[in-house]
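Participant: take a look and give me a structure for this.
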Amino acid sequence: MTDAPETPGPDENRDTLAVPPWAHLLIDSYQSGAASQFIVHGNVSDRMVVPVDGGSRLGSLTDFLLHALLPRFDVVLSYDLGNGIRVEKGGEVLSKWPNLSESQRNWKAPRPAIETLTHYFRFCANLKRINQPTAQVGCIIRNAELVAPATSSGVDYDLSAIASLIRDWANDTLLVEHALATFLIAENLNDLHPLIVNNPRVSRIKIDLPTADEMAGALRVIEPGYRNALSGFGDNLMPAVQQLVGASMSAVEGLLKRNEYRRRRLTPNDLGSLKKELIEADCNGLIEFVESRLTLNDLYGMEQVKEWLRQDVALWNANDIEGLPKGYLFCGPVGTGKTFMVQCLAGEASVPIVRLKNFRDKWVGSSEGNLEKIFRLLHALGRCYVFIDEADQAIGRRDGGSGDSGTSGRIYSMLAEEMGSSTNRGKIIWVLASSRPDLIETDLKRPGRVDIKIPLFPTATARESFHLISALMARRRMQLDEVQFAGLEAKLPLLLTPGAAEALAVKVYRLVHTKALTPESALQSCLEDYQNPIAPEVLSFQIKIAVQEATDLDFVPPQFRNHGS
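Facilitator: Residues are numbered from 1 along each chain as shown. Here you go, the predicted model:
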């Protein structure tokens, strides 16, 4: 394995295409003798630029390994469950193996195939030991998580034997001293057998989603085939690249193919919404983008909180990240507008909100694999908020118990590690929302993961309730004057949440438009038999724990400060 030369694109005048950083790391590890086995994980199913015959094209990861990293290897074999063992290169050299004919009966089923590969590797290594001409061998195991999965039901001796043999490829002195390089390709590390993943002699190589530079290089390679689709960008593809970062190259290529077929020209305005569709499709429903045209101006009251958040947005926009939090926790009783605040914050900062949906799966290991995929997306997006609603339920606990085979504990550990990463400051801001923050592990809420905890409260006075209802009625083109407060004051409920006030405003709107009442009369009627939708004891408890969580008492109205004691 040698450093792949820089490869020119289809036009000789174009810039040369650089080998990606992950490939340089792999080359250095092999040539230095640090590792001969590589678990290549992450964005492994994507398309990438492959040097071919003095030019370049888009191809698969296997294509890249064959043409960019293994051109000088004498024999390259591959294996997957569907195709069995395949000779990618060096069939003539392989034909000199005395056991070739006999071994071909065992090229399909996993254990016999892995044993066959091991026998050939040892044959080549033994030739070297007795100073006979031998072959430099590379082996690619595609979908390695299906060959040696992380779990199985009960004791599986075949699976254990497969994992043990694959581990030997990196550990056996006879094989390590021979010119052997093996590549295990799996999307998620958590899907692969721990005997292999946890081997200290293995190098784990992560492929991220394409960076802006990588996507620009790929677009330059395929641009001649998509003249119509890309004609809206002229000679400058960077606006397209900046809009599409976060999507896979496969998804982008599919988008270009569809639009080229329709002879439709893409513009920068198209790509914003199309990118969200591409990413959501790539992630198979694990995340969604929350659109927001709201700003903090749409948030009623809470002036101290809004001032703090605006200062954070100003620091972010100025790229002054030292003072930025890694995460927020919005807590408070049900209906106090935690999700609405997230939307206002994202609109104020003009960055996307990525909302984590149900990433938990019934299969052991799948939930962790889903999180790995989500993390790759977040790193590729650059700046974004990551919103986890009902965080007390979604995040899990350090000790998840035995009922879920430890899944909750592993999810908790993965999220805690990602949220605490110092490299994410100024790029990813985590936003947790919960009406029961006391159920979130204390270690997850500590500074360095969640730096700012902001409580949200219901109204404390009749006038606050009046102003909240008035604001929500005004959005429905129903006006209340300040002079009408006196006539309504006695009936206005205390501890009114924005959610409950919203329901009242909708009820008033119905009466105005079905009974021809004035807004004031309709509100009077709605307040006659009003009762708070949240039980008083529940509301009081949720207010108390919200006060206790607050990182700054300035966030807590004076009327509620004694609730925390």
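Participant: where in the protein is pLDDT low?
Facilitator: Scanning the chain for pLDDT under 70 picks out 1-18, 152-154, 272, 360-365, 400-406, 564-565.
Participant: looks like Ser540 contacts His563 (just checking).
Facilitator: Yes. At 7.2 Å, Ser540 and His563 qualify as touching, with contact defined as CB atoms under 8 Å. Quick note: C-beta positions are derived from backbone N, CA and C, even for glycine.
Participant: all strands of the stretch 51-200 of the chain, in order?
Facilitator: 55-59, 75-80, 84-89, 137-141, 180-186 (DSSP state E, counting those that start in this stretch).
Participant: for the third one, which outside residues touch it?
Facilitator: Applying CB atoms under 8 Å, 6 or more residues apart in numbering, the set of residues contacting strand 84-89 from outside is 62, 66, 70, 73-79, 94, 107-108, 113, 116-117, 140.
Participant: buried subset of the residues you listed?
Facilitator: 62, 66, 70, 73-79, 94, 107, 113, 116-117, 140 (16 or more other CB atoms under 10 Å).
Participant: just to revisit the earlier point, who has more neighbours, Ser540 and His563?
Facilitator: Comparing Ser540 with His563 by other CB atoms under 10 Å, the one with more neighbours is His563, at 18 against 13.
Participant: where does that one land in three-state SS?
Facilitator: helix (DSSP: H, G, I helix; E, B strand; the rest coil).
Participant: can you verify my assumption that it contacts Lys544?
Facilitator: Yes. Between His563 and Lys544 there is a contact at 4.7 Å, judged by CB under 8 Å.
Participant: what is in contact with those two at once?
Facilitator: Taking CB under 8 Å, 6+ apart as the contact rule, His563 and Lys544 touch no residue in common.
Participant: distance to Ala125 added to the strands of the stretch 51-200 of the chain, as CSV?
Facilitator: CSV is the format used below for the strands of the stretch 51-200 of the chain (distance: least, CB to CB, whole Å):
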stretch, distance to Ala125
strand 55-59, 31
strand 75-80, 13
strand 84-89, 18
strand 137-141, 9
strand 180-186, 7
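Participant: nearest to Pro224, of these?
Facilitator: Of all the strands of the stretch 51-200 of the chain, strand 55-59 sits nearest to Pro224, with 11.0 Å by CB to CB.
Participant: partner strands of the closest one and their direction?
Facilitator: Sheet pairing of strand 55-59 (DSSP bridges) gives strand 48-52 (antiparallel).
Participant: pull the CA atoms of the partner strand into CSV?
Facilitator: C-alpha atoms of strand 48-52 as CSV (Å, rounded to 0.1, in the frame of the first residue of the first chain):
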residue,chain,number,x,y,z
MET,A,48,-16.4,9.1,-3.7
VAL,A,49,-13.9,10.3,-6.3
VAL,A,50,-11.8,7.3,-7.6
PRO,A,51,-8.7,7.7,-9.7
VAL,A,52,-9.0,5.5,-12.8
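Participant: who's in contact with it?
Facilitator: Residues contacting strand 48-52 (CB under 8 Å, 6+ apart): 4-5, 7, 17, 20, 56-61, 63-64, 67-68, 210, 214, 217-218, 221, 249.
Participant: so who does the spatially most central residue of the chain touch?
Facilitator: Of all residues in the chain, the one closest to the mean position by CA atoms, centre = their mean is Ile374, 1.8 Å from it. Ile374 sits next to 283, 286-287, 356, 359 when contact means CB under 8 Å, 6+ apart.
Participant: and those as CSV, adding neighbour count and distance to Ala161?
Facilitator: As requested, the contacts of Ile374 are exported to CSV (neighbours: other CB atoms under 10 Å; distance: CB to CB, whole Å):
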residue, neighbour count, distance to Ala161
Cys283, 19, 35
Leu286, 18, 34
Ile287, 23, 38
Leu356, 21, 38
Phe359, 20, 33
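Participant: quick check: end-to-end length of stretch 475-494?
Facilitator: Using CA to CA, to the nearest Å, the end-to-end distance of stretch 475-494 comes to 22 Å.
Participant: report the buried residues of that stretch.
Facilitator: In stretch 475-494, counting by 16+ other CB under 10 Å, buried: 478, 480, 484-485, 488, 492-493.
Participant: quick one: contacts of that stretch?
Facilitator: Stretch 475-494 is contacted from outside by 458-463, 465-466, 469-470, 473-474, 500, 505-506, 508-509, 512, 519-520, 523-524, 527-528, 530, 532, using CB under 8 Å, 6+ apart.
Participant: which among the residues you listed count as buried?
Facilitator: 458-460, 462, 465-466, 469-470, 473, 500, 505, 508-509, 512, 519-520, 523-524, 527, 530, 532.
Participant: restricted to helices, list the residues you listed.
Facilitator: Of the buried ones among the contacts of stretch 475-494, the ones assigned to helices by DSSP state H are 462, 465-466, 469-470, 473, 500, 505, 508-509, 512, 519-520, 523-524, 527.
Participant: so who does Val176 touch?
Facilitator: 36, 170, 201.
Participant: now, which of these lie within helices?
Facilitator: Ala170.
Participant: name the nearest of the contacts of Val176 relative to Gly420.
Facilitator: Arg201 (28.4 Å).
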